[in-house]
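Undergrad: this is a predicted model, with the sequence first.
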There are 2 protein chains.
Amino acid sequence: MALISKSLIKNRGLDKLKHKANELLKRTLDQHVSLAVTGLSRSGKTAFITSLVNQLINEGNGAKLSFFDPVHQGNFIAAKRVPQKHYHVPRFDYDAAISALTSEPASWPEPTNGISELRLAIRYQPKNSMLKYATDMATLTLDITDYPGEWLLDLPMLKQTYQEWSEQTNRLMTSGTRGEYSKSFLAKLEKIDPFDCASEELLAELSQEYTALLHTFRHELGLSVIQPGRFILPGDLAGAPILEFFPFPALDTLDANDYQNAPDDSLIGMLRSRYLEYKEQVVRNFYREHFLRFDRQIVLADCLTPLNKGKESFADLELAMSMVLESYNYGKSGLFSRLFSPKIDKLLFAATKADHVTPEQHAPLVALLNQLIHQNKHHLNYEAVQLKTLAIASVKATNSGVSKHKGKDVPVIQGQRLVTEPLNMSKGTSKDCSNDKSNDVFGQKITVFPGAVPSQLPKDDYWQSKPFNFITFAPLSGLGKHQCLPHVRMDQVLQFLLADKMI
Amino acid sequence: MALISKSLIKNRGLDKLKHKANELLKRTLDQHVSLAVTGLSRSGKTAFITSLVNQLINEGNGAKLSFFDPVHQGNFIAAKRVPQKHYHVPRFDYDAAISALTSEPASWPEPTNGISELRLAIRYQPKNSMLKYATDMATLTLDITDYPGEWLLDLPMLKQTYQEWSEQTNRLMTSGTRGEYSKSFLAKLEKIDPFDCASEELLAELSQEYTALLHTFRHELGLSVIQPGRFILPGDLAGAPILEFFPFPALDTLDANDYQNAPDDSLIGMLRSRYLEYKEQVVRNFYREHFLRFDRQIVLADCLTPLNKGKESFADLELAMSMVLESYNYGKSGLFSRLFSPKIDKLLFAATKADHVTPEQHAPLVALLNQLIHQNKHHLNYEAVQLKTLAIASVKATNSGVSKHKGKDVPVIQGQRLVTEPLNMSKGTSKDCSNDKSNDVFGQKITVFPGAVPSQLPKDDYWQSKPFNFITFAPLSGLGKHQCLPHVRMDQVLQFLLADKMI
C-alpha cells in the first residue's frame, strides 16, 4: 500500500516535472519579432498595418495568403490581438481603422501622427524545427511599431555637425522649386548678423517660417526630404525651443575661430546648441528607445505620386531613399560600438498603391524601386541585412480588367475616385451635388488606364511627355469587419517578414 | 623702466583679479527663483503669467506696483525675457497672449494645455543686503513654469494603492450629480467579472467612457476634482494604454487573496498594473522632473464660478483645495526621505477674477478663500511653508463705481460682457446680429452689481436664496502691448513671491 502510493506520487511528480520542462522549453523557444512599419506621411502606413492585422486575425475567413507558407502548408493556427508591450506608447487604433474601411461609404483610415504599437500572438504548429519535439503548438509574438518616416530621415543628422547639416540643407533649399519658395526666408537671414545676441522671439518667428516652408515642401510640392522631421509632427514638443532652429546659410564664409567661439547666447550659438539638443533629446532618443530594438523593418514608399508630380518630386524620393538606407548603416562606423548598431536583419521596401496601376505595370514598378534602392547599395552591409522589394496594395481599391480602345485590348482598372474635399451636404449647395465629379462618392465607378510606369529611373524626355496620370481611389465598398481585406501581395510581405520565424 | 613696467603689470593684474572676484561674488550672490503657476483649467493661468511678465518688463511705463517694494523704493532697474532653461519644454507664448489682449476687439488669450516655461532676468540695485558692497547691480533670474492644476490633483495618488484610489473615486462617482451621470457606466462595470481575462478593446472602450465622464464633470458641472488629470489633457499620451484604466467598484467585496493574486492579464490585474504605471511614469515623473524643483508656488482658484454653479460645485472646490494642500505635504512622511520633499517655501493662493465683483466684496472673497484653506491647515508644515491668500485680477476687465438704485447708493462694476459663442458673420445670419446680447461684443457696456460673496463657507440657506449672479467680462479695449496692463493686487503678488529675493 505504502509502496503503491509512493510510486503514484512519484509518477505524478514526474508528470508535473515533464509538464514544467515542456513549458519551460516552449517559453524559451517561443519566438518574438519586433516589426517596424514606416513611410513618409500618406504612404499608407495605417492601411498597411490594418490589413496585416486583418489578414492574420481573420485567417480562414476568406484569406488569400497562398504565398505565406505557414498558411499554405497548414501550420498556421490562429492569431489574436494581445495587450501591447509599452503602456506609455499610444496603441495602434485598429478598430477605428477597420471601421472606416468597412463603413458605408467606405473611407481610408485617419493617418497616424506619431508612434503607435500593436501586439499579435500568432499560434502555429511547428513543422520542421526542433520545436515540434517539444510541443504541439508554439506562439510567435509580433510587436508592430508604426512610426513616421520623417523620424527615420532624421537619423543621418546624428553624424552631422550643425555646420554640415546647415550646408546640406541650404544646398537643398536654394535649388529647384524649394529655392523659389525659400527666397524671402533666406533674404531675411542674410540681413542677420549671426554673432548678434539672440532674441528668442526672433528665433521663434523665423523657425515658424522655416516650419511653414517644410509643410509646403511636403504637402504642396510632394517632396520627401523634410528635416528636421519633428518640425512637421511636433506632438507635445509644439512650441518648445528644441523645435526652434533652422539652417543658417553660408556658415563656411564665417571665420572658423569666430564660429567655434561664438557664445551660447549669440544667434548662431543658440541655433547650434538647439540643433545639438534636438539631436540628443529627439533623434538619439528615438534611436535608442525604439530603432535599436526593431528586428525587422518595412519601409512603405508611394512612388506613384512623385511620378505624377514630376522630376523634382521624384529626385527627392531618390534622395530620401538613400538617407533611409544610410540610417541602417549608422552605428556600424568606428564611432559607435557594435552594441549600439541596429539589429535589423530583414528590410523590406514596398511600393504601395500598386492597385492604382494596371497589373502589368507592377513589374516595372518593382524594377523602378529596385533602381532607387540599388543605387545606394554600397551603403548597406548585405551580409547583415537581407533586402527585398515588392509592389503591394495593402487594401485593394480597384478591380483590373481589359477594355477595347480603338479596336485594341487595353488593360484598365476600375474603381471609385476619391473625392478628397468632403461634399457640403447642408443648406442648398445643390450646385456641388449636380457636379459629375462629386457624384463619384456615391458609387459611380470610373474605368481608366493610368499610364505606364517607367522601369528605369526616368530621363528628361519622360518628364516632358508626362505619360502618367495618377488617380486616387476610395476603398471598395461592402467590405466586412471580420473578413479578410482584398490585397495585392500581402502574403509575400508576411512570407518575407515572418515565415522563417514560424517553421 | 623695468620697475615701472613691472608695477604696471602688477596693477593691471590686480585690477583683473578684483574684477574677477567681483564677478565671482556677483554670480554667487545672484538670486534665482523657480516660480510655479497652477490652477484648474479656466482659472486664469495664462492671463496671470501674461500680466506678471507684462508688469515687470514694462515697469516705468505706467506700472502701478506701489506695494512691490523694489519698485516703490526705487531699486528695481529693469526686467527682460531671456532664453528659458529647458529646451524641450514648450515656451509660454507671451507674444500670442499679449496680442490677444491688445487686439481689437480684445479677447482673452488661448488657454494652455500642458506645461510651459518662460524666464525673466530682473536687474535691481541691492540696498540692504551684503550684495551692495560687492556690486552696483544684481540680477534675479525668474523661471516661471505654468502647469495644469489637474496634474497637482494627481499627486495624492502617489500615496494610494489602486484599491484605495478606486474606493475613494467610487465614493465620489456615486454621490451628487456625478452619480446621476455615472449610472450607465457603473451599471456596465457591474456586469463584468474582474477576474475575467482582459480584452484590451473593452478596456479602451470603458476608459473612453470614463474620460467622457471626467470632461462632463469638469466642463458641464464645473467640478474641480478630476482624476486622473492627464485623462482630460493627454497630449502625446492620447491613445496609450497608460491612460486606459478606471476605478473598479466594490473592490472591498472581493476576496483579498484573489485580488492580490489576480494575474496581470485579468481585467482587474490589468487595471491595477496600468494604475501603477500611470503613477510611476506620469505622476511621479512630473513630481521628480518639475514639482521638486519649484521654489515658490501660486495656486489660482476661481471661487466665483463654483459659487455661481451651486453647492456641489463649491464643495468640490473645497475637496480640491484640500488635495492641493496635501501635495505640499507629500514627501515629508516616513516613506520618503527629506531629499525628495518639495523645497517650496512660499505658497500663495489667489482668488482670481476679483474684478468680476464690486470692490467691497474682495474682503469677503479672501475670507472665504481663507476658510477653504484653513480647514486643512493641519496638513501643512507652517514652519517650512509661508502661506498667503489674496483676491486678485491679473488683467482688470471692469471699472467700479457707484450707482443709484431706489434712491440708495449701490456699488457697481461696468464692463463688456463676454460673448463666448463666436458670432457667425457669414451669409445672412442677420437674426444673430440683431440680437441684443451679441451686440455686447461690439462695445456696449453693462453695469451690474453681481451680488454679495459670502465671507463664510455658505450654508444651505445661502444656496436656496441664490444671491450671487456671476457674469463673465471681456478684456477692456484699447490696451497697449508695451504698456502695463490694468490689474488688481498684482503688486502684492510680486511683493510676496519676489521682494525678499531683491533686497
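TA: Received the coordinates, thanks. Numbering: from 1, shown residues only, chains lettered A, B, ... in the order given.
Undergrad: now do stretch A:88-101, average pLDDT.
TA: What stretch A:88-101 shows for mean pLDDT is 94.
Undergrad: what's the offset of it from the middle of its chain?
TA: Here stretch A:88-101 is found 16 Å from its chain centre; the criterion is Cα atoms, centre = their mean, to the nearest Å.
Undergrad: and that stretch, does that touch chain B?
TA: Yes - applying Cβ under 8 Å from any Cβ of the partner chain, one finds stretch A:88-101 touching chain B at A:88-91, A:93, A:95. Using the backbone N, CA and C atoms, a C-beta is placed for each residue, glycine as well.
Undergrad: just the buried residues of these.
TA: A:88-91, A:93, A:95 (16 or more other Cβ atoms under 10 Å in any protein chain shown).
Undergrad: residues of the stretch 101-250 of chain A that sit close to chain B?
TA: A:114, A:116, A:198, A:200-201, A:204, A:235-242, A:244.
Undergrad: widest-spaced pair of the residues you listed?
TA: A:116 and A:198 (36.5 Å; Cβ to Cβ).
Undergrad: and the spatially closest residue to residue A:321 that is not a sequence neighbour, how many neighbours?
TA: Once flanking residues are discounted, residue A:321 sits nearest to residue A:372: 4.8 Å by Cβ to Cβ, 6 or more residues apart in numbering or on different chains. Residue A:372: 23 surrounding residues under other Cβ atoms under 10 Å in any protein chain shown.
Undergrad: for residue A:372, phi and psi?
TA: Per-residue torsions, residue A:372: phi -60, psi -40 (degrees, to the nearest 10).
Undergrad: per-residue pLDDT of it, please?
TA: On the pLDDT scale, residue A:372 gets 86.
Undergrad: now residue A:331
TA: pLDDT recorded at residue A:331 is 48.
Undergrad: what of residue A:375?
TA: What the model reports for residue A:375 is a pLDDT of 66.
Undergrad: pLDDT weak spots in the stretch 301-450 of chain A?
TA: Scanning the stretch 301-450 of chain A with the threshold set as pLDDT under 70 gives A:329-342, A:375-384, A:420-443.
Undergrad: so which of the residues of stretch A:88-101 next to chain B comes closest to chain B?
TA: Using Cβ to the nearest Cβ, residue A:90 comes nearest to chain B of those, at 3.7 Å.
Undergrad: point me to the residue of the stretch 201-350 of chain A nearest chain B.
TA: residue A:239 (3.7 Å).
Undergrad: got the CA positions of stretch A:119-128 in PDB?
TA: Taking Å, rounded to 0.1, in the frame of the first residue of the first chain, the C-alpha atoms of stretch A:119-128 are listed here in PDB:
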ATOM      1  CA  ARG A 119       0.900  43.200 -30.400                       C
ATOM      2  CA  LEU A 120      -0.300  40.000 -32.000                       C
ATOM      3  CA  ALA A 121       0.100  36.500 -30.600                       C
ATOM      4  CA  ILE A 122       0.300  34.000 -33.500                       C
ATOM      5  CA  ARG A 123      -0.300  30.400 -32.800                       C
ATOM      6  CA  TYR A 124       1.200  27.800 -35.100                       C
ATOM      7  CA  GLN A 125       2.200  24.200 -35.300                       C
ATOM      8  CA  PRO A 126       6.000  23.800 -35.600                       C
ATOM      9  CA  LYS A 127       6.800  21.500 -38.500                       C
ATOM     10  CA  ASN A 128      10.500  21.500 -39.200                       C
END
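Undergrad: list the buried residues of that stretch.
TA: Neighbour-count burial for stretch A:119-128 flags A:119-120, A:122, A:124-126 (criterion: 16+ other Cβ under 10 Å).
Undergrad: now swap in stretch A:68-87 and tell me
TA: For stretch A:68-87, by 16+ other Cβ under 10 Å, it's A:68-71, A:75-77, A:79, A:81-84, A:86-87.
Undergrad: in terms of distance to residue A:228, which of the buried residues of stretch A:119-128 ranks first?
TA: Using Cβ to Cβ, the buried residues of stretch A:119-128 come closest to residue A:228 at residue A:119, 29.9 Å.
Undergrad: next, the closest residue in space to that closest one that isn't next to it in sequence: phi, psi?
TA: Of all residues not flanking residue A:119 in the chain, residue A:84 sits nearest, at 4.6 Å (Cβ to Cβ, 6+ apart). Main-chain dihedrals, residue A:84, degrees, to the nearest 10: phi -70, psi 170.
Undergrad: pretty sure residue A:84 is touching residue A:91, no?
TA: Yes - with contact defined as Cβ atoms under 8 Å, residue A:84 counts as touching residue A:91 (5.9 Å).
Undergrad: what do those two both touch?
TA: Common contacts of residue A:84 and residue A:91 (Cβ atoms under 8 Å, 6 or more residues apart in numbering or on different chains): A:117-118, B:200, B:241.
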